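A.B. asks: this one's sequence-less:
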């Protein structure tokens, strides 16, 4: 007899959701966490989209540890000295059922893991799963770094994060290409609440999320800036191969973005309270591993279920969605007494019919588009150049007309019309 | 205050803002820098966000595991098989984030 019905490795949002569903189905489940508390190893680029929680934790917005509700969502395109911002705000995202919230992951993840333990899951912190226990090809448990730390179960759910050594050990990742990953770096900067309200034009518990393109110098990537209650989070997401090829170091690129005339007035005077870094599975659908094998499922970042698609940057919701689906599929397989790969196949079909794989499949080309030289360098130069010419008054010269401006700016930024057309068609296929 | 006068913190102060519960008994990452000597890329040096890889005068690489974010960047960019041995720290040790 195994020690327990199910072992979930990693008490982030995927693992907590999986353990919650298993416990609710009446299964005995260990939820292992290598940090001293859930969320202590976790960091992200800023917004939790809560719709996936509506069925999992009804009324979640009354109790989740939220910093601010995002009611302003801005996309900023910048060059060294210019910035063009599309700035959307709606008060409807500031009241139930809300849309997205900023949160500190150590708070949020611990809260969600608490839901799993309330339902009966056993949370075991400060315990690293060091490998798989196998019977032939079948996963039958995990080895941990506790004394006598072998734990057996009918099913293991690997929610062990972007580096998922368990998924790799199980042979579910064919290869690990650094081009599929980015590294995120972030500063949490303290400022008085009223100063944040004033600088960002928000009140009460409303907040702002900026996503920024054209701010990463010689390294493809993007930036973000968002408001917490009395801190700002400002960071960058950077391509690993470009960094490794001798690109400017992450903290220097971050320093430069914070000095940009569009950013400096927002962040200046704040004290850095915490610096952090984390790797992101950037390539989405095309880097996903096999999602199951005999005795094991993979969910969350461990399965590369992080959406880095330019205007959409989401991860926690995909982790919760995939983790909950894994928990339900595992509970069903346990009920039928078949946790083989075939018995666990319900997991993939659940994901196929939900946003988790549907969004990823639809947006599979988005990471390539976003990281292209056109999107990274040429289009920001073009967009800002056109805006500057449009709004500049060159009296006594008459206004030049948009077509002439476009032609000149295309040339000045070295943008080929055929590249714009082919990228636009790809973008239309992807985002349309 | 104009752009460019933002008081930037030193790298030491930056890393000093992070809590690390250091395991004095075991280095969770080890570097065999005999494998690094003929490596021309040395991506770890620029990519490691904690700046833990330092080139030495004799062509090797000095590595310190203590202020590691456990992010995985170094082994992902390393192109010398066996140069970096990468595991997680023992449970409860290593980086502990609070406001991320």
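C.D. replies: Ah, there it is. None of these values were measured; they are calculated from a predicted model.

A.B. asks: my reading is that residue A:223 lies in a strand. Confirm?
C.D. replies: Yes. Assessed by DSSP: H, G, I helix; E, B strand; the rest coil, residue A:223 belongs to a strand.

A.B. asks: just give the nearest non-adjacent residue to it, would you?
C.D. replies: Nearest non-adjacent residue to residue A:223, counting by C-beta to C-beta, 6 or more residues apart in numbering or on different chains: residue A:212, 3.6 Å away. Using the backbone N, CA and C atoms, a C-beta is placed for each residue, glycine as well.

A.B. asks: same question, residue A:67
C.D. replies: residue A:228 (3.8 Å).

A.B. asks: pLDDT wise, what is the one you found at?
C.D. replies: On pLDDT, residue A:228 comes in at 98.

A.B. asks: show me what from the stretch 101-250 of chain A comes close to chain B.
C.D. replies: Within reach of chain B by C-beta under 8 Å from any C-beta of the partner chain, the stretch 101-250 of chain A has these residues: A:104-106, A:125-128, A:130, A:144-146, A:162-163, A:165, A:176, A:178, A:181, A:183, A:185-188, A:228, A:231, A:233, A:240-241, A:243-250.

A.B. asks: re the thing from before, return the distance of the helix or strand the residue nearest to residue A:223 falls within from the chain's centre.
C.D. replies: Here residue A:212 sits within strand A:206-213, counting by DSSP states H and E. For strand A:206-213, the separation from the chain centroid amounts to 14 Å (computed by C-alpha atoms, centre = their mean, to the nearest Å).

A.B. asks: list the buried residues for it?
C.D. replies: A:206, A:207, A:208, A:209, A:210, A:211, A:212, A:213 (16 or more other C-beta atoms under 10 Å in any protein chain shown).

A.B. asks: just the buried positions in stretch A:296-312, please.
C.D. replies: The neighbour-count check on stretch A:296-312 (16+ other C-beta under 10 Å) flags A:296-310 as buried.

A.B. asks: ends of it, what's the gap?
C.D. replies: By C-alpha to C-alpha, to the nearest Å, the extent of stretch A:296-312 from end to end equals 30 Å.

A.B. asks: and whichever residue of the stretch 1-150 of chain A sits closest to chain B, how many neighbours does it have?
C.D. replies: The minimum distance from the stretch 1-150 of chain A to chain B, using C-beta to the nearest C-beta, falls at residue A:126 (3.1 Å). By other C-beta atoms under 10 Å in any protein chain shown, the residues close to residue A:126 number 18.

A.B. asks: please look at it and residue A:36 and confirm they touch.
C.D. replies: Yes. With contact defined as C-beta atoms under 8 Å, residue A:126 and residue A:36 form a contacting pair (5.4 Å).

A.B. asks: shared neighbours of those two, which are they?
C.D. replies: Listed as contacting both residue A:126 and residue A:36 by C-beta atoms under 8 Å, 6 or more residues apart in numbering or on different chains are residue B:92.

A.B. asks: in terms of pLDDT, where does the residue nearest the centre of chain A sit?
C.D. replies: The centre of chain A sits closest to residue A:315, judged by C-alpha atoms, centre = their mean, with a distance of 3.2 Å. Looking at residue A:315, its pLDDT stands at 97.

A.B. asks: what residues are up against the closest residue to it other than its chain neighbours?
C.D. replies: Residue nearest to residue A:315 in three dimensions, not counting chain neighbours: residue A:306, with 4.2 Å by C-beta to C-beta, 6+ apart. Contacts were defined as C-beta under 8 Å, 6+ apart; by that measure residue A:306 touches A:162, A:280, A:281, A:282, A:284, A:314, A:315, A:318, A:319.

A.B. asks: residue of chain B nearest chain A, please.
C.D. replies: Closest point on chain B to chain A, by C-beta to the nearest C-beta, is residue B:43, at 2.5 Å.

A.B. asks: give me every residue that touches the spatially closest residue to that residue that is not a sequence neighbour.
C.D. replies: Nearest residue to residue B:43, sequence neighbours excluded (C-beta to C-beta, 6+ apart): residue A:244, at 2.5 Å. Residue A:244 is in contact with A:178, B:41, B:43, B:44, B:46, B:47, B:77, counting by C-beta under 8 Å, 6+ apart.

A.B. asks: re earlier: tell me, how many neighbours does the residue nearest to residue A:67 end up with?
C.D. replies: 22.

A.B. asks: related to what we said a few turns ago, please pick the buried ones from the residues of the stretch 101-250 of chain A next to chain B.
C.D. replies: The buried subset of those - by 16+ other C-beta under 10 Å - is A:104-106, A:125-128, A:130, A:144-146, A:162-163, A:165, A:178, A:181, A:183, A:185-188, A:228, A:231, A:233, A:240-241, A:243-244, A:247-250.

A.B. asks: in a helix, that's where residue A:233 is, yeah?
C.D. replies: No. With three-state DSSP as the criterion, residue A:233 is strand rather than part of a helix.

A.B. asks: coming back round to it: gap between the residue nearest to the centre of chain A and residue A:65?
C.D. replies: As judged by C-beta to C-beta, to the nearest Å, residue A:315 and residue A:65 stand 18 Å apart.

A.B. asks: and if you look at residue A:128?
C.D. replies: For residue A:128, the distance to residue A:65 - C-beta to C-beta - is 26 Å.

A.B. asks: likewise for residue A:406?
C.D. replies: 48 Å.

A.B. asks: who has more neighbours, the two?
C.D. replies: Neighbour count, other C-beta under 10 Å: between residue A:406 and residue A:65, residue A:406 has more, with 18 against 15.

A.B. asks: that one is in contact with residue A:387, isn't it?
C.D. replies: No. Using C-beta under 8 Å, residue A:406 is not in contact with residue A:387, being 11.6 Å away.

A.B. asks: now, which of the buried ones among the residues of the stretch 101-250 of chain A next to chain B lie within strands?
C.D. replies: A:130, A:144, A:181, A:183, A:185, A:186, A:187, A:188, A:231, A:233 (DSSP state E).

A.B. asks: contacts only, for the fourth one.
C.D. replies: Right, the one you point to is residue A:183. Residue A:183 makes contacts with A:237-238, A:240, A:243, A:250, A:277-280, B:47, B:49, B:71, B:73, as judged by C-beta under 8 Å, 6+ apart.

A.B. asks: tell me what it is bridged to.
C.D. replies: residue A:238, residue A:279 (DSSP bridges).

A.B. asks: pLDDT weak spots in chain B?
C.D. replies: B:1-7 (pLDDT under 70).

A.B. asks: now the strands for chain B?
C.D. replies: Using DSSP E, the strands of chain B run over residues B:19-21, B:29-31, B:53-55, B:61-63, B:84-86, B:94-96.

A.B. asks: can you give me the domain boundaries for chain A?
C.D. replies: According to automatic domain parsing, chain A comprises the domains A:4-67+A:103-174+A:289-362, A:180-281, A:372-431.

A.B. asks: how close does residue A:387 get to residue A:380?
C.D. replies: 11 Å.

A.B. asks: between those two, which is the more surrounded one?
C.D. replies: Neighbour tally, residue A:387 and residue A:380, criterion other C-beta under 10 Å: the higher count belongs to residue A:380, 24 against 16.

A.B. asks: contacts only, for that one.
C.D. replies: By C-beta under 8 Å, 6+ apart, the neighbours of residue A:380 are A:77, A:78, A:79, A:213, A:214.

A.B. asks: of these - the most surrounded one?
C.D. replies: When neighbours are counted by other C-beta under 10 Å, residue A:214 leads the contacts of residue A:380 with 26 neighbours.

A.B. asks: doesn't residue A:75 make contact with it?
C.D. replies: No. Using C-beta under 8 Å, residue A:214 is not in contact with residue A:75, being 10.9 Å away.

A.B. asks: correct me if wrong: residue A:372 contacts residue A:426.
C.D. replies: No. Residue A:372 is beyond contact range of residue A:426, at 9.3 Å (criterion: C-beta under 8 Å).
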